[in-house]
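Q: The sequence and its predicted three-dimensional model are supplied below.
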Amino acid sequence: MNQVRAKKHLGQHFLTDETIARRIGDTLSLEGYDTVLEIGPGMGVLTKYLLEKNTDTHVIEIDTESVDYLSQHYPKLHGKILSKDFLKHDFYKEFDGKPFAITGNFPYNISTQIVFKMLEMRDRVPEFSGMFQKEVAERICEKKGTKAYGILSVLVQAFYDAEYLFTVSEDVFNPPPKVKSGVLRLIRKSNYHLDCNEKMLFNVVKTAFNQRRKTLRNSLKSLNLPDSLREDSIFDLRPEQLSTEDFIELTRKIEAYAV
């Protein structure tokens, strides 16, 4: 098998630039964990550089044609290829319960879902890096006060330090996507256990940004908050005016009234 055919329904755009592949492989610090999981390796352009490192590299790939290709061309991956759907797979028992980093050239059509799944596993994932559609990568790393700042920005940055690393041109993929790509790195914060109800934080952030042009007093009406709380000056603001820390503080205030 010489090549894998890119499948549109899987959002596959195979990276062809070896220099960029090596740069993505070098985004991981390899500190605080021994295992790396690559999502959607395709034909292994990034995988080969991960296998060079002093780490235990595993891959997860939904495309059976890619799985066959990887099995034939990368003997070091023997027993380390998960032929599964990352979004549906239960990682609870994988890697003996030990921490692992995630990286990859992520399919655009599921990239935000990959991030939300990673957040569900934040106790296990101290580091995350990879390539997204440029707009999505920028959104994840964005700070308050801009149109790009939103649900992903707040929830990722509540638990991770986010850094946009570099931009990748369309012409280094086969087939080329219609937009540029961006590579980022997320490093979990030392204090990632938040001083608030984390499930409530997710709900507050998502509810607020679902009506992002309205003030919190209006966008959070569905939470049925007491009038005495809604008089707080923070409710005069729109969601993009709140930092991650502000949302955590808001969640604490809502919690206090819920007791």
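A: Perfect, I can see it now.
Q: alpha carbons only for contacts and neighbour counts from here, please
A: OK.
Q: so what's residue 139 closest to, chain neighbours aside?
A: Distance criterion CA to CA, 6 or more residues apart in numbering; nearest residue to residue 139, sequence neighbours excluded, is residue 148 at 5.2 Å.
Q: Can you report how many residues lie near the one you found?
A: Number of residues near residue 148 (other CA atoms under 10 Å) recorded here: 18.
Q: Also residue 170?
A: Using other CA under 10 Å, residue 170 has 16 other residues around it.
Q: which secondary structure elements does the helix or strand encompassing residue 158 contact?
A: Element membership of residue 158, judged by DSSP states H and E, is helix 151-159. Where contact means 3 or more CA pairs under 8 Å, 6 or more residues apart in numbering; DSSP states H and E, helix 151-159 is packed against helix 134-141, helix 198-209, helix 244-258.
Q: Would you agree residue 115 falls within a helix?
A: Yes: assigned with DSSP: H, G, I helix; E, B strand; the rest coil, residue 115 falls within a helix.
Q: So, low pLDDT: which residues of this protein?
A: For the chain, residues meeting the criterion pLDDT under 70 lie at 1-2, 6, 11-12, 259.
Q: Break it into its domains for me.
A: As assigned by the TED database, the chain contains the domains 8-188, 198-256.
Q: sorry, back to before: taking their axis directions, the helix holding residue 158 and helix 134-141 sit at what angle?
A: Angle of helix 151-159 versus helix 134-141, following axes from the mean of the first three to the mean of the last three CA atoms, to 10 degrees, is 40 degrees.
Q: List phi and psi for the residue nearest to residue 139.
A: Phi and psi for residue 148, reported as degrees, to the nearest 10, are phi -70, psi -20.
Q: And it, how close does it get to residue 115?
A: Per CA to CA, to the nearest Å, residue 148 is found 16 Å from residue 115.
Q: still on that earlier bit, could you look over the helices and strands packed on helix 151-159 and pick the most buried one?
A: Comparing the helices and strands packed on helix 151-159 by mean neighbour count (mean count of other CA atoms under 10 Å), helix 134-141 ranks first with a mean of 21.
Q: Check the offset of it from the chain's centre.
A: 10 Å (CA atoms, centre = their mean, to the nearest Å).
Q: got it, and stretch 172-192?
A: Chain-centre distance of stretch 172-192: 8 Å, with CA atoms, centre = their mean.
Q: what do you get for stretch 168-188?
A: So, by CA atoms, centre = their mean, the centroid of stretch 168-188 is 14 Å from its chain's centroid.
Q: Could you do stretch 124-137 as well?
A: The chain centre lies 5 Å from the centre of stretch 124-137; the measure is CA atoms, centre = their mean.
Q: buried residues in it?
A: Within stretch 124-137, the residues that count as buried by 16 or more other CA atoms under 10 Å are 124-134, 136-137.
Q: Residues contacting stretch 44-54, please?
A: The contact list for stretch 44-54, computed with CA atoms under 8 Å, 6 or more residues apart in numbering, reads 15-16, 18, 21-22, 24-25, 38, 41, 57, 70, 74, 76, 104.
Q: If we use 6 Å, what do you get?
A: With CA atoms under 6 Å, 6 or more residues apart in numbering as the test, stretch 44-54 has contacts from 21, 22, 25.
Q: Could you dump the buried residues of stretch 124-137 into CSV with distance to residue 225 added?
A: Output for those, formatted as CSV (distance: CA to CA, whole Å):
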residue, distance to residue 225
124, 34
125, 34
126, 35
127, 36
128, 36
129, 38
130, 39
131, 40
132, 37
133, 37
134, 37
136, 32
137, 34
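Q: Go through the residues you listed and name the one nearest residue 210.
A: Residue 210 has its nearest neighbour among the buried residues of stretch 124-137 in residue 136, at 17.3 Å by CA to CA.
Q: In helices, which of the contacts of stretch 44-54 fall?
A: Among the contacts of stretch 44-54, DSSP state H puts 21, 22, 25 in helices.
Q: Could you count how many residues lie near the closest residue to the first one other than its chain neighbours?
A: Translated: residue 21. Counting by CA to CA, 6+ apart, residue 46 is the residue found nearest to residue 21 once chain neighbours are left out, at 4.9 Å. Using other CA under 10 Å, residue 46 has 25 other residues around it.
Q: Brilliant, that's me finished.
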